[in-house]
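In: requesting a structural model of the entry that follows:
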Amino acid sequence: MDNPLTPEKQNAVIEDALYTFPIASMPRDITANVMSRIQTIPAPASFQVTWSDFGIAFVLSLCIGVIWFRVQNFPPLLLQQIRMYRILFYQDLIVNARWLIPAVFFGLAAFLSALTIPYLRRNLQAK
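Out: Presented below is the predicted three-dimensional model:
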């Protein structure tokens, strides 16, 4: 059997009931009942530093110290080779990447428009 009430008629019946039925009084003990159901939030655990934290910090600082000491004591010939390859890499990047700047700007514009167009479409259709 089909429901004779359409959604509009259902809403009208509910609105009519809300406006015509008498308002019931609030029970006196509702605050006590509600407050008895609310549970307190347990206090968060305090911050604790364990021995494993000290061990990890010691190992990481030892590794950083070894790397720093090793870099400071590179032979001069190796430092010159590193500088030479760094310059060659930079020049190669500059010469072969002239297309990179326009590509980055057009890609950024496409990304920002892809973020903005749905927002604008939603706002324009709403009005």
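In: make it CA atoms for all contacts and neighbour counts henceforth
Out: Will do.
In: what's the span of stretch 15-28, first residue to last?
Out: Terminal residues of stretch 15-28 lie 28 Å apart, using CA to CA, to the nearest Å.
In: buried set for it?
Out: Taking 16 or more other CA atoms under 10 Å as the neighbour-count basis, stretch 15-28 is seen to contain no buried residue.
In: quick one, helices of this protein?
Out: Taking DSSP state H as the criterion, the chain contains helices spanning 7-20, 30-37, 51-72, 76-96, 100-126.
In: for those helices, which one sits closest to residue 43?
Out: The minimum distance between residue 43 and those falls on helix 30-37, with 18.5 Å, by CA to CA.
In: related to what we said a few turns ago, of the helices of the chain, which shows the lowest average pLDDT?
Out: Ranked by mean pLDDT, these end with helix 30-37 in last place, scoring a mean of 74.
In: for residue 44, find the nearest of the helices of the chain.
Out: Closest approach to residue 44 among those is made by helix 51-72 (20.0 Å; CA to CA).
In: quick one: distance of the closest one to the chain centre.
Out: Between the centre of helix 51-72 and the centre of its chain there are 31 Å (CA atoms, centre = their mean, to the nearest Å).
In: dump it to CSV, restricted to CA.
Out: Presented in CSV, the C-alpha positions along helix 51-72 are these (Å, rounded to 0.1, in the frame of the first residue of the first chain):
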residue,chain,number,x,y,z
TRP,A,51,66.2,5.2,28.3
SER,A,52,65.5,4.4,24.7
ASP,A,53,65.0,8.1,24.1
PHE,A,54,68.4,8.9,25.4
GLY,A,55,69.9,6.0,23.4
ILE,A,56,68.3,7.3,20.1
ALA,A,57,69.5,10.8,20.9
PHE,A,58,73.0,9.6,21.6
VAL,A,59,73.2,7.5,18.4
LEU,A,60,71.9,10.3,16.2
SER,A,61,74.2,12.9,17.7
LEU,A,62,77.1,10.5,17.2
CYS,A,63,76.2,10.0,13.6
ILE,A,64,75.9,13.7,13.0
GLY,A,65,79.3,14.3,14.7
VAL,A,66,81.0,11.7,12.6
ILE,A,67,79.6,13.1,9.4
TRP,A,68,80.6,16.7,10.4
PHE,A,69,84.2,15.5,11.3
ARG,A,70,84.5,13.6,8.1
VAL,A,71,83.3,16.6,5.9
GLN,A,72,85.8,18.9,7.7
